[in-house]
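J.: Would you be able to build a 3D model of this:
(3 chains)
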Amino acid sequence: MTAPAPAPFRAVYRAFLGAYGPQHWWPGDGPFAVMVGAVLTQNTAWVNVERALANLARAGCLSAEAIVGLPAPRLAELLRPSGYFNVKAGRLQELCAWLLARGGLAALAALATSRLRRELLAVKGIGPETAADILLFAFERPVFVIDAYTRRVFGRLGLVDPGADYEDLRRVFESALGRRVAVMNEYHALIVRHGKDVCRTRPRCGACCLARRRPAREG
DNA sequence: TACCAGGAGAAAA
DNA sequence: TTTTCTCATGGT
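T.: Residues are numbered from 1 along each chain as shown, chains lettered A, B, ... in the order given. As a prediction, this is how the structure comes out:
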């Protein structure tokens, strides 16, 4: 896939930031809580993830050691509000077991991004989007997160093929935005915000009206 | 009542 | 290799 011009991607970013302001995703939660949240938010509304995170915190189980040490049914019970609780209990324990086996967060932070990404993807339950979430928001690596909103919004804008391979889409955004972690962080959050506020409630919103110079016509 | 949410893996075709 | 199914709670 040839790299498109970066200007439209930057224009959309400016438009969304102007419309919605900074989204403050995962501010100051710490890398471990971000990793846990990245698993719990799989196909789940964030408000429900927060309930499960609060359960873990109340139970004193917001650490890799505690999560690995919990019986799976007990962990699942704490995760219940986030949905898919049996599945996520297993995934969380896999992730935490890997984290401990690799020597903890500091050891992982010393790895090159490509290596860290490969290892994350080898953990059962960590797919490309969750790995990207963890790399960007927990380890502050310049890895763009592609999700369903990204495909929908930028597909409507005609900037990408919404059915394109995940890696191809990721490279398109990364080449357009440069290696700026703060921009990638904010951009992903803004895309989600726009997708929720506009594209979902107004399926024919005019191909993401905020990003267009002129309103798109219906049809 | 039906649909959606900050996906991923297994099974089936 | 690609598509479909399953996992599940909570809000709208």
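J.: Please list the residues of chain A that sit near DNA strand B.
T.: Residues of chain A lying close to DNA strand B (CB under 7 Å from any atom of the strand) are A:25-26, A:37-38, A:41-46, A:48, A:83-84, A:87, A:123-131, A:133, A:137, A:147-149, A:189, A:192, A:195-196, A:200. For glycine as for every other residue, the C-beta is placed from the backbone atoms N, C-alpha and C.
J.: which residue does chain A bring closest to DNA strand B?
T.: Nearest to DNA strand B, among the residues of chain A, is A:G127, at 2.3 Å (CB to the nearest atom of the strand).
J.: Report pLDDT for that residue.
T.: Looking at A:G127, its pLDDT reads 97.
J.: since we're on it, how many residues are nearby?
T.: 13 (other CB atoms under 10 Å).
J.: how close does it sit to A:D133?
T.: Between A:G127 and A:D133 the computed distance is 10 Å (CB to CB, to the nearest Å).
J.: what are the phi and psi angles of the closest residue to A:T113 other than its chain neighbours?
T.: Once flanking residues are discounted, A:T113 sits nearest to A:R141: 4.5 Å by CB to CB, 6 or more residues apart in numbering. When quoted as degrees, to the nearest 10, the phi and psi of A:R141 stand at phi -100, psi 150.
J.: A:R141 contacts A:L116, doesn't it?
T.: Yes. Judged on CB atoms under 8 Å, A:R141 makes contact with A:L116 at a distance of 7.2 Å.
J.: Could you name every residue contacting both of the two?
T.: Common neighbours of A:R141 and A:L116 (criterion: CB atoms under 8 Å, 6 or more residues apart in numbering): A:L135.
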